[in-house]
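Visitor: Need a 3D model of the sequence below.
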Amino acid sequence: MIWLVGFIVVAILCIIGFGYMVKAVGRFGIFKSIQNKWLRRLVLIFINAAGFALPCYFMGLVNAFAIYLHVLVFTMLFGFIFGIIRKKRDREFKYYYQGWCALVVSAVYLLVANYLCVHVWQTDYSLETDKLSENVKAVFFADSHIGTTFDGEGFAREIEKIKEKNPDIVLIPGDFVDSDTKKEDMVLACEALGSVDAKYGVWYAFGNHDKSSYGPRDFTADDLVSELSKNGVHVMEDQVEYTGDLCIVGRADAITSDRKELYELLDGADTSKYIIVMDHEPTDYDNESKTTADLVISGHTHGGQLIPITYWGVWMGINDRTYGYERRGDVDFIVTSGISDWAVDFKTGTKSEYVMMDIGKH
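Guide: Take a look at the predicted model:
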């Protein structure tokens, strides 16, 4: 819902800003030289339309809106800055600094934002507990959305990097695939997970995109479960299982109307085990903090994805946290920014990651 609201707001801003951009682009010398007023206006409208249409063709509608809105904002910002300077100077500039600064800064900003999105970093946490006989090296990632920043083969390359860390357990709290992920890529991604030789296995819980709630694709949720299971991945939906000194809980996604409360799932659970809960959406902290869980891991937020919408989910009461670590009561909570993205191939104020947790006595 937050993304739908954001998309509508961005679309409205881009439509309103189109007229401003036509005038702003028209101040470049090459266009000012066109003497015919109507011809100049048509050329400027075409240039602005092409500036939206080309990213739309190559990167999709959502990315086109993101690019256009950033260029609009930087153009307005530099227009304001150089407007103040011009007023104090009481004369016009020889060159069109507003336009050139907006173009250069927009290009650099978006290139960096794309790099932060398509490259994956490792983020480390150390968590203390007396419940484990030996330290456990746990990796978790969410929001791979296969087919966005990487396809099945690209995902396999990221898994190879994770395997080099020799994790004891791999945890995937949702949005492994997307609504338009191709079956071929899904199969390749599942096979990559099957190549992981982790002491305590690979575990997965559903996210809101995994059951294709938002669009058509050429495989079903049952096909996904089948491929994951075939490759040795433990698929969990409101279930509790044990491995070594660990108790793994996989909650159904928050959009599931009949999902159980966490205290119900943990009723009768062995509390001498270190209890890790995979809950895709970080929306139930108050209730979860009152249970016997030790750690709750989530994704879904993408770390806020873009400035300035970074904390909208928290401000609107949709999410309890956008990113990072928090402790409530006796429970540790971690939200990851995701190993990939959904639709928008840019991240600002955050970056793509997988999380490495050293759990035990320190």
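
Visitor: okay but residue 337 is in contact with residue 354, surely?
Guide: No - judged on Cβ atoms under 8 Å, residue 337 makes no contact with residue 354 at a distance of 10.0 Å. C-betas here are computed from N, CA, C, even on glycine.

Visitor: And the two? Which one has more around it.
Guide: residue 337 (29 against 24; other Cβ atoms under 10 Å).

Visitor: Can you tell me the SS state at the more buried one?
Guide: Three-state assignment for residue 337 (DSSP: H, G, I helix; E, B strand; the rest coil): coil.

Visitor: who's in contact with it?
Guide: Counting by Cβ atoms under 8 Å, 6 or more residues apart in numbering, residue 337 makes contact with 301-304, 323, 347, 350-353.

Visitor: Distance of it relative to residue 260?
Guide: Noted for residue 337: a distance of 28 Å to residue 260, by Cβ to Cβ, to the nearest Å.

Visitor: Redo the contacts of residue 337 as CSV? Include distance to residue 312, neighbour count and pLDDT.
Guide: Compiled in CSV, these are given as follows (distance: Cβ to Cβ, whole Å; neighbours: other Cβ atoms under 10 Å; pLDDT from 0 to 100):
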residue, distance to residue 312, neighbour count, pLDDT
301, 10, 28, 95
302, 12, 28, 95
303, 12, 24, 95
304, 8, 21, 93
323, 13, 23, 96
347, 15, 26, 97
350, 13, 23, 96
351, 19, 18, 97
352, 20, 26, 98
353, 20, 20, 98
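
Visitor: Show the model's pLDDT score for the residue nearest to residue 207 when sequence neighbours are not counted.
Guide: In space, and not counting its chain neighbours, residue 207 is closest to residue 174: 2.5 Å by Cβ to Cβ, 6 or more residues apart in numbering. Per-residue pLDDT puts residue 174 at 94.

Visitor: Ok, residue 9 next?
Guide: Residue 9 is given a pLDDT of 75.

Visitor: Residue 43 looks like it's in a strand, true?
Guide: No - under three-state DSSP, residue 43 sits outside any strand and is assigned helix.

Visitor: Report the contact partners of it.
Guide: Contacts of residue 43 by Cβ under 8 Å, 6+ apart are 31, 34.

Visitor: Please, where are all the helices along the protein?
Guide: For the chain, the helices defined by DSSP state H occupy 2-25, 29-32, 37-59, 61-89, 97-118, 152-163, 183-194, 221-230, 262-265, 285-288, 312-315.

Visitor: Out of these, which is the most enclosed?
Guide: Most buried of these, by mean neighbour count (mean count of other Cβ atoms under 10 Å): helix 183-194, with a mean of 20.

Visitor: can you tell me the average pLDDT over it?
Guide: Rounded mean pLDDT across helix 183-194 is 98.

Visitor: That one vs helix 221-230, what angle?
Guide: Here the directions of helix 183-194 and helix 221-230 differ by 30 degrees (axes from the mean of the first three to the mean of the last three Cα atoms, to 10 degrees).

Visitor: Number the residues from 679 up from this point.
Guide: In the new count, where the first residue is 679, that last one comes out as helix 861-872.

Visitor: What is helix 861-872 packed up against?
Guide: Secondary-structure packing of helix 861-872 (3 or more Cβ pairs under 8 Å, 6 or more residues apart in numbering; DSSP states H and E): helix 830-841, helix 899-908, strand 911-914.

Visitor: Tell me how far it lies from the chain's centre.
Guide: Centroid separation for helix 861-872 versus its chain: 20 Å, with Cα atoms, centre = their mean, to the nearest Å.

Visitor: again with stretch 780-788
Guide: Averaging C-alpha positions (Cα atoms, centre = their mean) puts stretch 780-788 22 Å from its chain's average.

Visitor: How about stretch 769-789?
Guide: Distance, centroid of stretch 769-789 to centroid of chain: 30 Å (Cα atoms, centre = their mean).

Visitor: Could I get the CA-only coordinates of it as PDB?
Guide: These are the backbone C-alpha positions of stretch 769-789, laid out as PDB (Å, rounded to 0.1, in the frame of the first residue of the first chain):
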ATOM      1  CA  ARG A 769      22.400  40.700 -13.100                       C
ATOM      2  CA  GLU A 770      22.000  37.600 -15.200                       C
ATOM      3  CA  PHE A 771      24.600  34.800 -15.400                       C
ATOM      4  CA  LYS A 772      26.600  34.300 -18.600                       C
ATOM      5  CA  TYR A 773      25.900  30.600 -18.500                       C
ATOM      6  CA  TYR A 774      22.800  28.600 -17.500                       C
ATOM      7  CA  TYR A 775      24.300  27.200 -14.300                       C
ATOM      8  CA  GLN A 776      20.900  26.000 -13.000                       C
ATOM      9  CA  GLY A 777      20.400  23.600 -15.900                       C
ATOM     10  CA  TRP A 778      24.000  22.300 -16.100                       C
ATOM     11  CA  CYS A 779      24.200  21.800 -12.300                       C
ATOM     12  CA  ALA A 780      20.900  20.000 -12.300                       C
ATOM     13  CA  LEU A 781      22.000  17.600 -15.100                       C
ATOM     14  CA  VAL A 782      25.400  16.800 -13.600                       C
ATOM     15  CA  VAL A 783      24.200  16.300 -10.000                       C
ATOM     16  CA  SER A 784      21.200  14.300 -11.100                       C
ATOM     17  CA  ALA A 785      23.400  12.000 -13.200                       C
ATOM     18  CA  VAL A 786      25.900  11.500 -10.500                       C
ATOM     19  CA  TYR A 787      23.300  11.000  -7.800                       C
ATOM     20  CA  LEU A 788      21.300   8.500  -9.800                       C
ATOM     21  CA  LEU A 789      24.400   6.500 -10.900                       C
END
